[in-house]
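> Give me a model of this one.
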Amino acid sequence: MKKLFIFLFILMVVLPLGWFFANEFEGKQPVLSVKLPSVYLNRSYEMSLKATDQGTGLRSIRVSIVQAGKEKILLDKKYPPLGYQGLFIGSQVLDQNFKIPVESWKYGMQDGEAFLKITASDYSWRGWNRGNTVLMDKKVIIDTKPPQIEILTNRHNVTRGGAGLVIYRLYEDDITSGVQVGPNFFPGYSGMFKNKNVFAAFFALSYEQGPGIDMVIKAEDPAGNVSKRGFYHYIRDRKFKNDILNLPDSFLNGKIPEFDVDTTGLDLQSAENPLLAKFIHINSQVRKENIETVLSDAKFTDNVMMWKGSFLRLPGSANRANFADHRTYKYKGREVDRQVHMGIDLASISRAPIPAANRGRVLSTDHVGIFGNTVVIDHGFGLTTLYSHMSSIAVTKGDMVERGDIIGKTGATGLAAGDHLHFGVAVNNVFVNPVEWWDRNWIKNNILHNITEVETALK
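Numbers count the residues shown, from 1 in each chain. Take a look at the predicted model:
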């Protein structure tokens, strides 16, 4: 009987008490998970905090920002115990999530380093019932001053559908900057000059942009502070040719069947002329997608000016279509589509050798829908040239080519009715008039002049 009593005492008293004291004296600290959008504080800054304690539960959570002895409380949360003074049950709040705005500009703090201080404690009996406590510090930087921009060039004469170059200096590191022209942004790049804080940005006006378009240099620091600086510029307006292209059945029958395109949602078979309906889809929707594809290569540009002098055109060739020709497509006298031609069509002899227009690095050699076999060459700082409808390609991605190197032969691949080269020039994500880049005097007056001007000023 005595042994049974001892056994029951251990089972019903000692073990539960042992479990209870082990639980109440548990030694695991609360776990903190902190996510900061950036080390730099900006006006829309919001930190994410998760606090977890799977033992006795959370007692308190406190968040503050501290700088040079000055402290601002951002969160001070206390969780009451569920038992008598928390002796038996704790809070039973095991995890909490917070989104905490950090509005440093309201706290009277100065630009510079500060610390986000996060503490959390639980209801463990350790530390004379003060609980386990965890402390975490996160360094942040208060930055309320927008970047300073100094414009170093003063000649910026640009034509609708043309390009320009502006050079400027910044006085901070890690700044995203460039030229904003309407909705289009043209990144600025360091590397043209020895001074790493001097940036060059090639920019462009699309064929739709003329006098009156907003044009500024924009700079944004990691804290989200933005500066905008206008610069002197003169915009020449110009008009583009209107052209009518008649679509014969021979073209539709001979060219359109070769296009394997996604026609989901199109009921071509019920159309009066399925080939014409497919052509309209290719000439509009597929064209748009293909233009985005070839222009996307510019994001892989090098911040090295690889080209020199005027750009070559296809030798012995004649213009068959001009930049920004506004084309109206007709079938049996009826208008069926309208598009704008974003390059110059050059024709000489069938399968004519195509020279690289200038020195550069091959970005892509692909078959791209309406463009057919296409080569894109990077000339540095976001300037690229496009060669399309090629019958064959003689270079591979990554090759360095010199001005005049043969990169392939003309052809009629893609949406081409006859053998020719579609030649395009793009600045970042905007096609521009290639005629400017064939003109030695235009390059001298609008590009090289600005570079020489800054080189002289920096000496």
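
> gap between residue 307 and residue 435?
Separation of residue 307 from residue 435 (CB to CB, to the nearest Å): 16 Å. C-betas here are computed from N, CA, C, even on glycine.

> which ones are touching residue 403?
307, 308, 309, 311, 312, 355, 356, 357, 358, 359 (CB atoms under 8 Å, 6 or more residues apart in numbering).

> which stretches of the stretch 301-450 of the chain form helices?
434-438, 440-443, 449-458 (DSSP state H, counting those that start in this stretch).

> so which of the ones you listed is the most packed in?
Among these, helix 434-438 has the highest mean neighbour count (mean count of other CB atoms under 10 Å), at a mean of 21.

> Could you list every helix and strand in contact with that helix?
Using 3 or more CB pairs under 8 Å, 6 or more residues apart in numbering; DSSP states H and E as the contact test, the elements touching helix 434-438 are strand 421-427, helix 440-443.

> any chance of those in JSON lines, plus mean pLDDT?
Listed next are the helices and strands packed on helix 434-438 as JSON lines, based on pLDDT from 0 to 100:
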{"stretch": "strand 421-427", "mean pLDDT": "98"}
{"stretch": "helix 440-443", "mean pLDDT": "98"}
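
> which one of those lies closest to residue 149?
strand 421-427 (20.4 Å; CB to CB).

> partners of the closest one in the sheet?
Partner strands and pairing direction for strand 421-427 (DSSP bridges) are strand 344-347 (antiparallel), strand 383-390 (antiparallel), strand 430-432 (antiparallel).

> what's the offset of it from the middle of its chain?
23 Å (CA atoms, centre = their mean, to the nearest Å).

> what sits up against it?
163, 186, 202-204, 294-295, 298, 311, 313-314, 317, 342-347, 352, 354, 357, 371, 382-390, 410, 416, 431-434, 436-437.

> if we can go back for a sec, with respect to residue 147, which of the helices and strands packed on helix 434-438 lies nearest?
strand 421-427 (23.2 Å).

> List the contacts of residue 102.
41, 45, 46, 47, 65, 74, 116, 140.

> So the fifth one is in contact with residue 106, correct?
Okay, so that is residue 65. No. If you go by CB atoms under 8 Å, residue 65 and residue 106 don't touch, sitting 10.7 Å apart.

> Neighbour count for these two, which is higher?
residue 65 (24 against 9; other CB atoms under 10 Å).

> That one should be in a strand, yeah?
Yes. The assignment for residue 65 (DSSP: H, G, I helix; E, B strand; the rest coil) places it in a strand.

> could we number from 36 for the rest of this?
With 36 as the first residue, the last one maps to residue 100.

> That one: what's it in contact with?
106, 107, 109, 137, 139, 142, 144, 149, 150, 151, 152, 175.

> What of residue 303?
With CB under 8 Å, 6+ apart, residue 303 has these contacts: 309, 312, 313.

> check which helix or strand covers the second one.
Taking DSSP states H and E as the criterion, residue 312 maps to helix 309-316.

> now stretch 389-409: mean pLDDT?
For stretch 389-409, the mean per-residue pLDDT is 98.
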